[in-house]
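Colleague: no sequence for this one, just the structure:
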C-alpha cells in the first residue's frame, strides 16, 4: 500500500463512522486554525496546511509495514491530533480568558513582566490545545471520555510533555470495543512530524525557534526559510536540503538540525523502548545543494 493517506484509507476501511467524525473535524478546523493570525500575524503557518504536512509525515513514519498494526481507535486519535495539536495557537479571546489562570498566567507574567498574551500562548499553546479539545469535545463529535483523553494527550504531547510517564502516556489505554491506544507512540509521531515541518512551503518558522545565533546576531526570517526548500524522509533518517552560501545562515540552520536530532532521539527512544512499534530513522543531516 502506498504511504499517501494510508491512515485515512485504513480508518475508512476499519470504522467508517469514526472516519466520518474525523472528516467533520477537518472541516471545522479549517477555519478555526486560520485564526492563529489573530495573535501571530507574521508567525509560522499553523493553518490546515501545516496539519496536512504533519499527517503526511505521520503516514511516512508509520509506513506500509506498520499500518496494519494500528487499530481503528489509534488511527482516529492520531488523525484527530494532526488537526488539533495546534488549536491552542488559534485560541479565541474568550477561551484565553477562561483557560489562562489554569495554565499559570499569573506566575508566567510575574517571571516575565515584559511578556504579553502572545508570548504566553506561544509558551503554553500545547496546553491551550488540550483545553480547547476538552471544551469542544461535543462539537468535535469525540465519542467517549477515553478517546478524548487519548486525543488530548497526543495533541499536548507535540511538545514538552514526558513521553516516558506511564500515567500521562499509558502503553495500552483501553478505549472500549476491544481497542487499545498506544499513547506514547501516538504522541511521539505527532511531536516528530511537527518538528520536521520546517521547509519553504511554510511561513518563517526557524527564527522563532532560534531567535539568534550564539553571538546574538539575528537571522532574517525569509532567508532562513528559503534556504531549506525540502526535506527527504528515508528509512534511515531525515535529509534537509539547504541552499545557501551564507555561513552565518548555515550556522543557524545547523542549530535547528541539532534540535531536530534531539527530538528524533527522544521520540525514537520512547517508541522503541516502550512500545511494539518502531521509528527506524536515526539521524537528521544536511545536504547543501
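Modeller: All right, it came through fine. Please read these numbers as outputs of a predicted model, since none were measured by experiment.
Colleague: now the helices for the chain?
Modeller: 6-14, 16-34, 48-66, 72-84, 93-99, 105-111, 117-135, 145-156, 183-196, 206-209, 221-226, 247-274 (DSSP state H).
Colleague: nearest to residue 235 among the ones you listed would be which one?
Modeller: Comparing these by their distance to residue 235 (C-beta to C-beta), the top pick is helix 48-66, with 8.0 Å. In this view, the C-beta of every residue, glycine as well, is placed from N, C-alpha and C.
Colleague: got the contact list for the closest one?
Modeller: Residues outside helix 48-66 that contact it (C-beta atoms under 8 Å, 6 or more residues apart in numbering): 1-8, 26, 29-30, 33-34, 44, 70, 78-79, 82-83, 85-86, 189-190, 192-194, 196-197, 201-202, 233, 235, 277-279, 281.
Colleague: now list the buried members of those.
Modeller: Among the contacts of helix 48-66, the ones that count as buried by 16 or more other C-beta atoms under 10 Å are 3, 6-8, 26, 29, 33, 44, 70, 78-79, 82-83, 85-86, 189-190, 192-194, 196-197, 202, 233, 277-279, 281.
Colleague: about what we covered before: could you identify which of the helices of the chain has the lowest mean pLDDT?
Modeller: Mean pLDDT is lowest for helix 206-209 among the helices of the chain, at a mean of 42.
Colleague: distance check, the residue lying closest to residue 68 once chain neighbours are set aside against residue 17.
Modeller: Nearest in space to residue 68, with sequence neighbours left out and distances taken as C-beta to C-beta, 6 or more residues apart in numbering, is residue 10 at 7.5 Å. Per C-beta to C-beta, to the nearest Å, residue 10 is found 15 Å from residue 17.
Colleague: settle it for me: which of these two has more neighbours?
Modeller: Legend: neighbour count by other C-beta atoms under 10 Å for residue 10 and residue 17, higher for residue 10 (22 against 11).
Colleague: before we move on, the earlier item: the residue nearest to residue 68 contacts residue 75, correct?
Modeller: Yes: with contacts counted by C-beta atoms under 8 Å, residue 10 reaches residue 75, the gap being 5.8 Å.
Colleague: joint contacts of these two?
Modeller: The contact sets of residue 10 and residue 75 do not overlap (C-beta under 8 Å, 6+ apart).
Colleague: neighbours of residue 260, how many?
Modeller: 20.
Colleague: identify the residues contacting it.
Modeller: 195, 196, 198, 238, 284.
Colleague: could I get those as JSON lines with distance to residue 263?
Modeller: As requested, the contacts of residue 260 are exported to JSON lines (distance: C-beta to C-beta, whole Å):
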{"residue": "195", "distance to residue 263": "4"}
{"residue": "196", "distance to residue 263": "8"}
{"residue": "198", "distance to residue 263": "11"}
{"residue": "238", "distance to residue 263": "10"}
{"residue": "284", "distance to residue 263": "9"}
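Colleague: ok, the residues you listed vs residue 254, which is closest?
Modeller: residue 284 (10.5 Å).
Colleague: could you check how far the closest one is from residue 130?
Modeller: From residue 284 to residue 130 the distance is 28 Å (C-beta to C-beta).
Colleague: who has more neighbours, the two?
Modeller: Between residue 284 and residue 130, residue 130 has the larger neighbour count (other C-beta under 10 Å), namely 25 against 22.
Colleague: quick check: that one touching residue 152?
Modeller: Yes: applying C-beta under 8 Å, one finds residue 130 in contact with residue 152, separated by 4.6 Å.
Colleague: next one: residue 250 from residue 256, what distance?
Modeller: Using C-beta to C-beta, residue 250 is found at 11 Å from residue 256.
Colleague: oh sorry, the question was meant for residue 149
Modeller: Following C-beta to C-beta, the distance that separates residue 149 from residue 256 is 33 Å.
Colleague: higher neighbour count, those two?
Modeller: Set residue 149 next to residue 256 and count neighbours by other C-beta under 10 Å: residue 256 wins out with 22 against 18.
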